[in-house]
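Student: I need the structure of the sequence given here:
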Amino acid sequence: MNVRVATFNLENLFNRYAFLDGPWGGKGYENFLMAVGVASVASRKGDLVAESTTTIQRNNTALAIESIDADIIAVQEIENIYALRNFNSDYLSNMYETVFSIDGNDPRAIDVGIMIKRSADIRITGFRTHIDDPVNPKKPVIRDSRAGFGYFTENAVFSRDCLEIDLAVGKAEITLLVNHFKAQDRNKSSIERRKAQADRVSELVDDLRKIKRKPIVLGDLNIDTKQKSYDKSLDALTAGPLLDGMADSKDLWTHFYDSENTVSRLDYILTDPALDVVKTGIFREGLSTKCKQYTGKRFATIGPNHTEASDHCPSFVEIKL
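Tutor: Down below sits the predicted model:
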């Protein structure tokens, strides 16, 4: 059997809460806080995209997912499992039967997760979270909520999580390691943290291979190993035993950076050498019209602002098992 495995950063998929639709009446507080749909955040300032525009945008996100038609899709930048469930229900008509996520370490509460297609012969047989993996093993991971900042985590390796999921795919078994590494900025500490994350994932890969599991590392690893300023932070993964099925392709970019009008590859799917990758792809039809580097067709309702499927492109590999 063939199985298609994808990764897609959904770009700030948050819950729409009931309190946006009316004032609290002094009772039914839990209903007031209920997640009743999805919302899109326009920037790191936390400003919301208008609900009518969000509907257009998330329809395009769904179209991108439907177009790649993955059996398993790893996602990043979701607020929590409720946001992913509501998106799957409202925009994908419950195309995915299994929706799974665990709250991670991000101060903006953006998490990673997976969805498994309803028609697929795939089930979760085990999972492990690494939100408590410490940078310094002699000290605990400390968390608290800080005014004006959000959810604060200290001494954790992972900015979000490395969500490790064992899957039975027909009669075969694979293990996904879903990641969203530390973003690039001008701070040396960010490079060091991203490197520590790659190093730790590499250790997990080695542990899995020792017990004859077949790991797949996938997600937004947040740097392009081909860029001129590459800082070697992913070397533990890219120089290890896993294979990059897209490595021989000339056109690998998966992300459009609006502020600088640049494209780069941030998203990866690295597979165990025992897995037979028979097809790969990057789907760009959901990109903003601002992205002039892409000259192909787009979805009809995409314009320059907040209607794109995401600032990332979904990528996939197809594996023969």
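Student: Select the longest strand from the chain.
Tutor: strand 2-17 (DSSP state E).
Student: Which of the residues in it are classified as buried?
Tutor: Buried residues in strand 2-17, counted by 16 or more other C-beta atoms under 10 Å: 3-16. In this view, the C-beta of every residue, glycine as well, is placed from N, C-alpha and C.
Student: which SSE is residue 167 in?
Tutor: Assessed by DSSP states H and E, residue 167 sits inside strand 162-169.
Student: State the pLDDT value of residue 247.
Tutor: We have a pLDDT of 83 for residue 247.
Student: just residue 167 next, same as before
Tutor: Predicted confidence (pLDDT) at residue 167: the value is 99.
Student: so who does it touch?
Tutor: Shown here is residue 167, whose contacts under the criterion C-beta atoms under 8 Å, 6 or more residues apart in numbering are 72, 116, 122-125, 173-176.
Student: let's go with 10 Å and repeat that
Tutor: The neighbourhood of residue 167, defined by C-beta atoms under 10 Å, 6 or more residues apart in numbering, consists of 3, 5, 71-72, 98, 114, 116, 120, 122-127, 173-176, 214, 216.
Student: Which of these are buried? Put it as a PyMOL command.
Tutor: Buried subset of the contacts of residue 167, written as a PyMOL selection, criterion 16+ other C-beta under 10 Å:
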select buried, resi 3+5+71+72+98+114+116+120+122+174+175+176+214+216
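Student: taking the contacts of residue 167 one by one, which sit in strands?
Tutor: Residues from these lying in strands, with DSSP E as the criterion: 3, 5, 72, 98, 114, 116, 122-127, 173-176, 216.
Student: Before we move on, what's the pLDDT of the closest residue to residue 53 other than its chain neighbours?
Tutor: Closest residue in space to residue 53, ignoring its immediate chain neighbours: residue 306 at 5.2 Å, by C-beta to C-beta, 6 or more residues apart in numbering. Residue 306 carries a pLDDT value of 96.
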